[in-house]
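**Student:** Predicted model, plus sequence, below.
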Amino acid sequence: MGYSDVYAAWQADPDAFWMDAAKAIDWVRPPSKALFDEKAPLYEWYSDGLVNGCWNAVDRHVEAGRGNQAAIIWDSPVTHTKREISYFELRNRVATLAGALRAKGVEKGDRVIIYMPMIPEALEAMLACARLGAIHSVVFGGFAAHELAVRIDDAKPKAIIAASCGIEPGRIVHYKPLLDGALKEATHQPDFCVIFQREQEVAHLEEGRDFNWHGFQYGVEPAECVPVEGNHPAYILYTSGTTGAPKGVVRPTGGHLVALNWTMKNVYNTEPGEVFWAASDVGWVVGHSYICYAPLVHGNTTVVFEGKPVGTPDAGTFWRVIEEHKVRTFFTAPTAFRAVKRDDPKGEMVKDYDLSRLRAIYLAGERADPDTIEWTKATTGKPVYDHWWQTETGYTIAGNPVGIEPLPVKLGSPTVPMPGYDVRILGEDGHELPAGELGAIAVKLPLPPGTLPTLWNAEERFRKSYLEHFPGYYETGDAGMKDADGYLWIMARTDDVINVAGHRLSTGGMEEVLAGHPDVAECAVVGVADELKGQLPMGFLCLNKGCDRPHGEIVKECVAKVRQEIGPVAAFKLAVVVDRLPKTRSGKILRGTMVKICDNAEFRPPATIDDPAILDEIREAVRPLGYGG
């Protein structure tokens, strides 16, 4: 069956399609049906089934005789450490940790916050929670104390599992003082904390509250897997909300296991036993879905990487990991390759490594501009596939179904909707727009299994954020279009569609043009206020390492390039060269914050920002153009 046959089979009988996919998962009690729509528009999947996430990710592979296969490869260039953990060893470690948590009173439905860096113990903590039916909430290691406190008060965890520190190039991030500060600020207090002491930093433990990771597990009875209902929350993952208060995305257990397992073959074309590497962090949705759960549920070896695309030690680190660990499928964000390209524009470093085992590269997390895709493809000689999804969905909305049938790549498009997603382009009035017209991207309800059924303790906010604007649809918050072949084009966040003298223009389209300039490594375009035209686009350009041409010349060429390729209607005449762009730790460019800086509006630096000092650099860069106050 080709893609169109598979998609048509889902459309014809969604329940049969998802019940068939559910057969690949071990159920304690199989569900009677896939979709439960009694509470529509709040839909649930596999609600009356009983299942356990840890069993499916770990134990079943040991039981099937594959216990000696590596489950986790830890590669930490920041600590010069490498380690392999087999499925057999992982099962024993997770069962013991779960037993220790259970002995301290953690049960099904209790919340546990995990605040750890990219170490195998972070995955073990997630899986131990899943083993008990406890609901984990991973907070990105090193998050500010206030933001951690907000999440503690919202999730109300019975326990917190943390590490003593995280390690960044050239510095140690002290986690324990941040945790202590958060607990001083938080109203809710956990019953206890478990601290994994790293040799780079041994933290002070509060007597009676804090327990050492190793001592805490000594002599306990390992825990068995606790069956949970298909609609039982596996985890809560907080994503930044427009109000400043974080949104707790809920991930239901049954649908999450079924959908993730389905994607490993059908989207990523990966076979059990192969090495799968998602270069992300467990604090983000990619880390949950494609470092921890999907590869392990599917029986792959997953790489846990504690390092950066550049600087640990250089722009060749990705290629080294791929060669050394025989990676077959590699998944990262476009921003990572932009960083590599900036340091090594001609891709010289890749020649030092053997990438013959690598089958394909997948990009997601931020719009993949054609220039980055072309550079990556030319540098590695491998197929590069963009795909699009969100924290809320947990896996691919639109992608190239390579495991079903590789479709022709159209640069700038993540290809086509996956089964389960009926994607529509809507105008402001909610009517569907014809092919080629820019509008709001929405998905007809119900969303498929594994996507968010609601927000944690915030059903009304869930309805208002996602369901209210276009009744009967899930509003993605992204803008784009479909072409005549049904390919989807994600052009910008809805907020990034700017109105220049009555013309609705996508900043993503302009970024695509700017990224094509030979000296531009990375760029962003935002809409700034203008008295005459309402808004004007402003471009921010980061140049390739070693580029010594006058900045004024490059800006002039970029302005001319946009006028030539998009037209005078874009009114593109403002651009500045900057050393770096403000981003979240997951690599998303903070365009909304940049707009506020340019318009001299009040704003609060987002909690997820990688380095707040960049905001002052942006303000200084735009002042000569009359912006930024």
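**Tutor:** Nice, I can see it. Residues are numbered from 1 along each chain as shown.

**Student:** model confidence over stretch 144-152, on average?
**Tutor:** The average pLDDT within stretch 144-152 is 90.

**Student:** Use 21 as the first number for this chain going forward.
**Tutor:** Understood, numbering begins at 21; the last thing we discussed is stretch 164-172.

**Student:** What are the buried residues along it?
**Tutor:** 165, 167-172 (16 or more other Cβ atoms under 10 Å). For glycine as for every other residue, the C-beta is placed from the backbone atoms N, C-alpha and C.

**Student:** what do you get for stretch 542-561?
**Tutor:** 542-548, 550, 555-561.

**Student:** How far off centre is the helix or strand harbouring Phe350?
**Tutor:** Using DSSP states H and E, Phe350 sits in strand 347-352. Offset of strand 347-352 from its chain centre (Cα atoms, centre = their mean, to the nearest Å): 15 Å.

**Student:** Beyond that strand, next helix or strand please.
**Tutor:** Assigned by DSSP H and E, the successor of strand 347-352 is helix 354-363.

**Student:** Could you list every helix and strand that that next one packs against?
**Tutor:** Where contact means 3 or more Cβ pairs under 8 Å, 6 or more residues apart in numbering; DSSP states H and E, helix 354-363 is packed against helix 390-400, strand 540-550.

**Student:** Turn the ones you listed into TSV, including mean pLDDT and distance to Gly69.
**Tutor:** As requested, these are exported to TSV (pLDDT from 0 to 100; distance: least, Cβ to Cβ, whole Å):
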stretch	mean pLDDT	distance to Gly69
helix 390-400	94	40
strand 540-550	93	45
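
**Student:** picking that back up, now compare the buried residues of stretch 542-561 and name the two farthest from each other.
**Tutor:** Glu542 and Asp550 (24.9 Å; Cβ to Cβ).

**Student:** Tell me where the model's unsure across this protein.
**Tutor:** Low-confidence segments of the chain (pLDDT under 70): 260-264, 512-516, 521-524.

**Student:** quick check, Arg483 in a strand?
**Tutor:** No - counting by DSSP: H, G, I helix; E, B strand; the rest coil, Arg483 is not found in a strand; it is helix.

**Student:** need the contact list for the spatially closest residue to it that is not a sequence neighbour.
**Tutor:** Nearest non-adjacent residue to Arg483, counting by Cβ to Cβ, 6 or more residues apart in numbering: Pro61, 7.8 Å away. Listed by Cβ atoms under 8 Å, 6 or more residues apart in numbering, the contact set of Pro61 reads 465-466, 483, 487, 492.

**Student:** of those, closest to His571?
**Tutor:** Of the contacts of Pro61, the one sitting nearest to His571 (Cβ to Cβ) turns out to be Leu487, at 46.3 Å.

**Student:** what's around that closest one, how many residues?
**Tutor:** Residues lying near Leu487 (other Cβ atoms under 10 Å) number 16.

**Student:** For it, which non-adjacent residue is spatially closest?
**Tutor:** With Cβ to Cβ, 6+ apart, the residue lying closest to Leu487 is Pro61, at 5.6 Å.

**Student:** Got phi/psi on the one you found?
**Tutor:** When read as degrees, to the nearest 10, the backbone of Pro61 gives phi -90, psi 20.

**Student:** again with Arg605
**Tutor:** The phi/psi pair for Arg605 (degrees, to the nearest 10) is phi -60, psi -20.

**Student:** what's near enough to touch the residue nearest to it when sequence neighbours are not counted?
**Tutor:** Excluding the flanking residues, the one nearest Arg605 by Cβ to Cβ, 6+ apart is Asp630, at 5.1 Å. Counting by Cβ under 8 Å, 6+ apart, Asp630 touches 602-605.

**Student:** And for Glu58?
**Tutor:** Glu58 neighbours (Cβ under 8 Å, 6+ apart): none.

**Student:** so which helix or strand takes in it?
**Tutor:** Going by DSSP H and E, Glu58 is not in any helix or strand.

**Student:** and it, how far is that from Glu294?
**Tutor:** 40 Å (Cβ to Cβ, to the nearest Å).

**Student:** give me every residue that touches Cys213.
**Tutor:** Here Cys213 is in contact with 179-182, 199, 203, 226, 229-231 (Cβ under 8 Å, 6+ apart).

**Student:** for Val278, that is, sorry about that
**Tutor:** Here Val278 is in contact with 38, 41-42, 44-45, 65-66, 469-470 (criterion: Cβ under 8 Å, 6+ apart).
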